[in-house]
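Enquirer: predicted structure and sequence below. I'll ask about it afterward.
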Amino acid sequence: MDIKRFVKLQLAMKQMTMTLLAKKMTELSGKNYTRDSLNGKFYRETLSVKEMELIAKILDFTVEYKSKIR
């Protein structure tokens with residue numbers, strides 16, 4: 001599952017819209033986000049790690065980084 005589908009699934013489970021997510025991101029970060037700007041970031045695959053962590057905080061999930069080195 002790609003990140004866009006994962007976030008949309010989380011939004012649906014929380015009964016939240018992309019517009020509301022963008023508004024909350026703007027409030028928490030001070031940077032202006034809109035539904036269209038978020039959709040563009042997902043489409044272009046330019047979402048930053050910091051933005052993903054902010055989304056995770058708002059939607060109450062964790063981002064985990066794992067090494068594949070054994």
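Expert: Arrived safely.
Enquirer: helices along this structure, start to end?
Expert: Under the criterion DSSP state H, the chain contains helices at 3-13, 18-29, 35-44, 49-59.
Enquirer: with mean neighbour count and mean pLDDT added, can I get these in a markdown table?
Expert: (C-beta placed from N, C-alpha, C; glycine too.) Converted to a markdown table, those look like this (neighbours: other Cβ atoms under 10 Å; pLDDT from 0 to 100):
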| stretch | mean neighbour count | mean pLDDT |
| --- | --- | --- |
| helix 3-13 | 14 | 94 |
| helix 18-29 | 15 | 98 |
| helix 35-44 | 14 | 96 |
| helix 49-59 | 15 | 96 |
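Enquirer: columns distance to Y65 on top of the ones you listed, output as JSON lines?
Expert: JSON lines is the format used below for the helices of the chain (distance: least, Cβ to Cβ, whole Å):
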{"stretch": "helix 3-13", "distance to Y65": "14"}
{"stretch": "helix 18-29", "distance to Y65": "21"}
{"stretch": "helix 35-44", "distance to Y65": "20"}
{"stretch": "helix 49-59", "distance to Y65": "9"}
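Enquirer: out of those helices, nearest to R70?
Expert: Checking the helices of the chain against R70 by Cβ to Cβ gives helix 49-59 as the closest, at 23.9 Å.
Enquirer: tell me what the closest one is packed against?
Expert: helix 3-13, helix 18-29 (3 or more Cβ pairs under 8 Å, 6 or more residues apart in numbering; DSSP states H and E).
Enquirer: export that helix as CSV, just CAs?
Expert: What follows is helix 49-59, C-alpha atoms only, in CSV (Å, rounded to 0.1, in the frame of the first residue of the first chain):
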residue,chain,number,x,y,z
VAL,A,49,9.5,13.1,6.6
LYS,A,50,8.6,16.0,8.8
GLU,A,51,5.2,16.4,7.1
MET,A,52,4.6,12.6,7.4
GLU,A,53,5.4,12.8,11.1
LEU,A,54,3.0,15.7,11.5
ILE,A,55,0.3,13.7,9.7
ALA,A,56,1.0,10.7,12.0
LYS,A,57,0.7,12.9,15.0
ILE,A,58,-2.7,14.3,13.9
LEU,A,59,-4.1,10.9,12.9
